[in-house]
Structure formats: C-alpha cells, structure tokens
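*Asks:* Next input, structure requested:
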Amino acid sequence: MAKVEASESAALAAQICNQVSSVFASPTSSPPALSTVVEEIWAAWKRGGKIMVYGVGREGLMMKALCMRLFHLGLSAHCVFDMTTPPIAPPDLLIASAGPGGFSTVDAICGVGRSAGARVLLLTAQPSWVKCGSVSVVAHIPAQTMADAEQDLALLPMGSVYEGAMFVLFEMVVYKLAQLLGQSPHQITARHTNLE
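*Replies:* Below is the predicted model of the structure:
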C-alpha cells in the first residue's frame, strides 16, 4: 500500500511540476519575466535603492518569500505593511503582483510608490488587463489565474499555477542575483535568523 501511495504521490508531483514548468516555455508579451525581474532588482541595488514587495492572498505569500531571500542576499528588502518598512523614495523599487491584471489594493499601492518617485514592477499573468497607470515595467508570467474563464480544477485550481510559477521564478531570480552579487551559499545562509 505504501509503495502505491508513493508512486501516486510521485506521479501527481510530476504532473504539477510539469504544469508549472510549462509556464516558462510559453511565449510572453514582453521580455521573459526572469530577465525583467533580475534587471530591475540589480538596477535598484546599483542605485542604492531599497526593494519593497506587495501582493494579496497567496500571491502575497510568494512575494514575502521573495523578500526573505532578497534579504538573505544582503539587499535592503521590505514587505509593504510591515511595521519596519521604511518610506519609499526615488532610488527604490516596488515589486507588486496582480495575477489577473489588477486589484484595487495593488493598484493603490503602486500609485503611492510611483507618486513617491520609485520604480514600480508589476508581475501579472494578464498584461493586457493591467489597469494601474502607475507601473514602470510589467513582467509577464503566462500562467492560469482565477480570472481565466476556463479552469482545470482537476489538479491545480484557481490561481495555483500562477503562484507556483511565482515560486519557481523567484528561485531562479535569487540564483541569478547571487551570481551577480558574488554571494556564496555561506554568506546567504549567515543572514538567516537564529531566533527560531
């Protein structure tokens, strides 16, 4: 019985991983999201800027995971609404996510960031549906979200494909940035909290 369950688990895991990885083989309406995100973060670091991240729901959890890793890389990274998040200013970068193209809160946060003079990078699965006029650049993640008319509920429901793709994208971003910043695994690990 355990062998059958392990085999079924491995098959489901492979299906999920294949569905998420197919996102990165899909054509995008802009340069690949990996290039866009790495270039924007690298440019913010070079100009001495801080990086702020924001997203709602499970997208927001993925953004928090990115923020944690950016901090581990030695960057000044902050989650919007944390009590220790400093004010945003012209050298800074705000990275926000709106899988379906927009959310009222995301649009408002982007507007505040842009009016303060920061660059605003928006991650989305629907670049043609982006409503916020306060975006500097869009990174297209061509994955299924809750906004899609037809959803395959058999495996990854709602926005799970988009959120899974965000996780994988951010791991690639961290890998590329570690190379650019010359950060060793030991340096990155040394920044992890010891208050656990």
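*Asks:* where exactly do the strands run in this structure?
*Replies:* Applying DSSP state E to the chain gives strands spanning 51-54, 77-79, 93-97, 119-124, 137-140.
*Asks:* I'd like the mean pLDDT over the third one, please.
*Replies:* Pointing back at strand 93-97 there. For strand 93-97, mean pLDDT is 97.
*Asks:* List the neighbouring strands of that strand plus their orientation.
*Replies:* Within its sheet, strand 93-97 is paired with strand 51-54 (parallel), strand 119-124 (parallel), according to DSSP bridges.
*Asks:* Likewise for the shortest one?
*Replies:* For strand 77-79, the paired strands and their directions (DSSP bridges) read strand 51-54 (parallel).
*Asks:* which residues sit against the partner strand?
*Replies:* Identification of contacts with strand 51-54 by CB atoms under 8 Å, 6 or more residues apart in numbering yields 41, 44, 60, 63-64, 66-67, 70, 75-81, 85, 88, 92-97, 106, 109, 113, 118. Heads up, the C-betas are built off the backbone N, CA and C, glycines and all.
*Asks:* Equivalent analysis for stretch 182-196, please.
*Replies:* Outside of stretch 182-196, the residues within contact range by CB under 8 Å, 6+ apart are Phe71, His72, Leu73, Gly74, Leu177, Ala178.
*Asks:* Verify the stated contact: the fourth one with Leu181.
*Replies:* Yes: under the criterion of CB atoms under 8 Å, Gly74 is in contact with Leu181, at a separation of 6.8 Å.
*Asks:* surely Pro87 meets Ala116?
*Replies:* Yes: Pro87 is in contact with Ala116 according to CB under 8 Å; the separation is 7.3 Å.
*Asks:* Same drill for those two, tell me which one is more crowded.
*Replies:* Ranked by neighbour count (other CB atoms under 10 Å), Pro87 and Ala116 place Ala116 first, with 14 against 9.
*Asks:* And the more buried one, how close does it get to Gly101?
*Replies:* Distance of Ala116 to Gly101, computed by CB to CB, to the nearest Å: 23 Å.
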